[in-house]
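Asks: Curious how this folds, go ahead:
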Amino acid sequence: MPQLSFHSPLGALTLSEEEGQIVSLDEGWGRDQSETPLLLKVRDMMQDYFDGEAVDFQSIPLMLDGTAYQERVWAALRAIPHGQTRTYADLAKTVGGSPQSIGQAVARNPLLILVPCHRVLPSHGKSYGDYSGFEGTDSKAFLLELEHEAASD
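Replies: Next up is the predicted model:
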C-alpha cells in the first residue's frame, strides 16, 4: 500500500492509498514511502491547508468503510464548508438519527481533517466537545481557528 508522510503543525502525518483512493491519514511517520500522483496531490493540499489556505478536500477520492449510516454522516461532514461549523443536532436533522448517533459516527471517522469532524460542535456551544484526534480538543481548536482565519481573509 503506497504511503507518503509529511510534517504538519500537528506532527508527522502519513497518507495511505489503495486502489486510487485515500484510505487513511495517520499520525506518525509511515514505514514505506511512495510518491504516487494522488498522494503528492493530497500532501500538497494538506500543506496548503496548514499554511492557512481555504482548501476544499471534496475532490479527493476517499475509501470509507463504515455502515450505511456512518457513510451518510461522513458525507454530511464533507459537505460542511471550510471555516464553518455545524452542531450534532444540525447533522441529525439533515442525516437522521439523534445527536448521540451522529456523535458515535463522527467518533469513528477514519480520515481526520479530510472528513472534517472537527467542524462539529455541541449544541450548547460552551465547549468544543470531544475530539479524539491528535492532541484532543486543543487540536480541534487549532484546526477551527486555522479555518476561521482562512475564511476571513
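Asks: in what helix or strand does Leu39 lie?
Replies: helix 37-50 (DSSP states H and E).
Asks: Now the helix or strand following that helix: buried residues?
Replies: Next helix or strand after helix 37-50 toward the C-terminus (DSSP H and E): helix 68-78. For helix 68-78, burial by neighbour count (16 or more other C-beta atoms under 10 Å) applies to 70, 72-74, 76-78. Just so you know, the C-beta spots here come from the backbone N, C-alpha and C atoms, and that holds for glycine as well.
Asks: Let me see the mean pLDDT of the helix holding Leu39.
Replies: For helix 37-50, mean pLDDT is 97.
Asks: What lies in contact with it?
Replies: 2-4, 6, 8-9, 13, 15, 17, 20-22, 55, 57, 60-61, 113-114, 146 (C-beta atoms under 8 Å, 6 or more residues apart in numbering).
Asks: just stretch 17-30 next, same as before
Replies: Contact partners of stretch 17-30, identified using C-beta under 8 Å, 6+ apart, comprise 1-5, 10-16, 36, 38-39, 42, 60-63, 110-114, 134.
Asks: Setting aside sequence neighbours, what's the nearest residue to the residue nearest the centre of the chain?
Replies: Centrality entry for the chain: nearest residue to the mean C-alpha point is Ile113, 2.1 Å, by C-alpha atoms, centre = their mean. Nearest residue to Ile113 in three dimensions, chain neighbours excluded: Leu25, at 6.4 Å (C-beta to C-beta, 6 or more residues apart in numbering).
Asks: That neighbour and Phe57, how far apart?
Replies: Distance, Leu25 to Phe57, using C-beta to C-beta, to the nearest Å: 10 Å.
Asks: next one: Asp44
Replies: To Phe57, Asp44 is 12 Å away according to C-beta to C-beta.
Asks: ok and the least confident helix or strand in the chain by mean pLDDT relative to helix 37-50, angle-wise?
Replies: Ranked by mean pLDDT, DSSP states H and E, the weakest helix or strand in the chain is helix 137-152, scoring a mean of 84. Interaxial angle of helix 137-152 relative to helix 37-50 (axes from the mean of the first three to the mean of the last three C-alpha atoms, to 10 degrees): 80 degrees.
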